[in-house]
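**Q** predicted model, plus sequence, below.
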Amino acid sequence: MNYRHAFHAGNFADVIKHIVLARILTYLQDKPAAFRVIDTHAGAGLYDLDSDEARRGGEWLTGIARLMQARLSNETVALTKPYMDIVRAFNPKGELKAYPGSPLIARGLMRPQDRLVACELEPKARKSLIDALRRDEQARVVDLDGWMALPAFVPPKERRGLVLIDPPFEAKDEFERLGNAFSTAFAKWPTGIYVIWYPAKSRRATDTLAQLVARLAATAKPQGKCLRLEFSVAPQAEGGALTSSGLLIVNPPYTLQGELKTILPELEMPLGQGGAARFRLEVPKP
């Protein structure tokens, strides 16, 4: 499958991924020590929701647009506020016209001592990302393949931070490449936080990846932890648009699972398509 960011900006998968990203970075802010965010497949940074790509599928209409209108409990409003504040900052008139990708979500939650490395190989997306982060001394855009960058940039000198692995899944062997690249990086930095995104179309491929990641975390020294989240807005049709996606979170903050147990049930109705969405949140078995 092809999962280029521009075609799917602001969809349900982005909403879930970016809420998780924001919760982790908010947790990292609790200590004064600097952290670094490494985004291996960063994309264009900021997406025009009136563009041909965004309008082709209109996926943001059943993603971020619905969340903006949803009635949520006070607790979930507070937990999603760091993410929603960033989205609103790029839409100051209240009408959704733009959606910030992962690098800009991360940048919005960084303090003066924190740093961002964003890797993007595709020339048009990289130029847009450079424009979005122009003259930003805390952010660096790297013209490097994400699979090469992943082991090259860990561990960061700060020894704190997060690696976001969010490839476009254009190649048939992308799951295998993801597993191999994570294995190499994790061996170099077993105490880092890793967030791995994947499309949940093949149960065999996703389970194999989850087992690999869980096994590596369980056998690390010190022993790591792993959390698996899958969110489905509708049954996955053969050859149809993506309706289920997942995240593997390695070394998650101890607060994250409880926060997601609060947030996710309240997203089932607003993000569901043809009925309520469903999610699974578990510690995968090695």
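**A** Arrived safely.

**Q** so how far is the helix or strand of the chain with the lowest mean pLDDT from its chain's centroid?
**A** Of all helical and strand segments in the chain, the minimum by mean pLDDT, DSSP states H and E falls on helix 5-8, at a mean of 80. Here helix 5-8 is found 13 Å from its chain centre; the criterion is Cα atoms, centre = their mean, to the nearest Å.

**Q** tell me what it is packed against?
**A** helix 52-57 (3 or more Cβ pairs under 8 Å, 6 or more residues apart in numbering; DSSP states H and E). To be clear about C-beta, it is placed using only N, CA and C from the backbone, and glycine gets the same treatment.

**Q** buried ones in the helix it packs on, by neighbour count?
**A** By neighbour count with 16 or more other Cβ atoms under 10 Å, helix 52-57 contains the buried residues 53-54.

**Q** ok, residues contacting the least confident helix or strand of the chain?
**A** 14, 43-44, 47, 51, 53-54, 56-57, 59, 101, 125, 168, 242 (Cβ atoms under 8 Å, 6 or more residues apart in numbering).

**Q** and the helices in the stretch 51-200 of the chain?
**A** 52-57, 64-69, 74-89, 102-107, 123-132, 146-152, 174-188 (DSSP state H, counting those that start in this stretch).

**Q** picking up where we left off before, which of the contacts of helix 5-8 count as buried?
**A** Among these, those that count as buried by neighbour count (16+ other Cβ under 10 Å) are 14, 43-44, 47, 53-54, 59, 101, 125, 168, 242.

**Q** from those residues, which land in strands?
**A** Using DSSP state E, the subset of those located in strands is Tyr47.

**Q** which ones are touching the nearest residue to Val250 once chain neighbours are set aside?
**A** Spatial nearest neighbour of Val250, chain neighbours left out: Tyr194 (4.1 Å); criterion: Cβ to Cβ, 6 or more residues apart in numbering. By Cβ under 8 Å, 6+ apart, the contact list for Tyr194 reads 162-163, 165, 182, 185-186, 248-251.

**Q** out of those, which is nearest to Gly94?
**A** Comparing the contacts of Tyr194 against Gly94 with Cβ to Cβ places Leu162 closest, at 30.4 Å.

**Q** still on that earlier bit, so among the contacts of helix 5-8, where is pLDDT lowest?
**A** In this model, the minimum pLDDT among the contacts of helix 5-8 belongs to Gly57 (79).

**Q** quick one on the thing from earlier: report the beta-bridge partners for the residue nearest to Val250.
**A** For Tyr194, the beta-bridge partners are Val163, Val250 (DSSP bridges).

**Q** hang on, the earlier thing: including distance to Val233, could the helices of the stretch 51-200 of the chain go into JSON lines?
**A** Listed next are the helices of the stretch 51-200 of the chain as JSON lines, based on distance: least, Cβ to Cβ, whole Å:
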{"stretch": "helix 52-57", "distance to Val233": "13"}
{"stretch": "helix 64-69", "distance to Val233": "10"}
{"stretch": "helix 74-89", "distance to Val233": "17"}
{"stretch": "helix 102-107", "distance to Val233": "20"}
{"stretch": "helix 123-132", "distance to Val233": "26"}
{"stretch": "helix 146-152", "distance to Val233": "27"}
{"stretch": "helix 174-188", "distance to Val233": "22"}
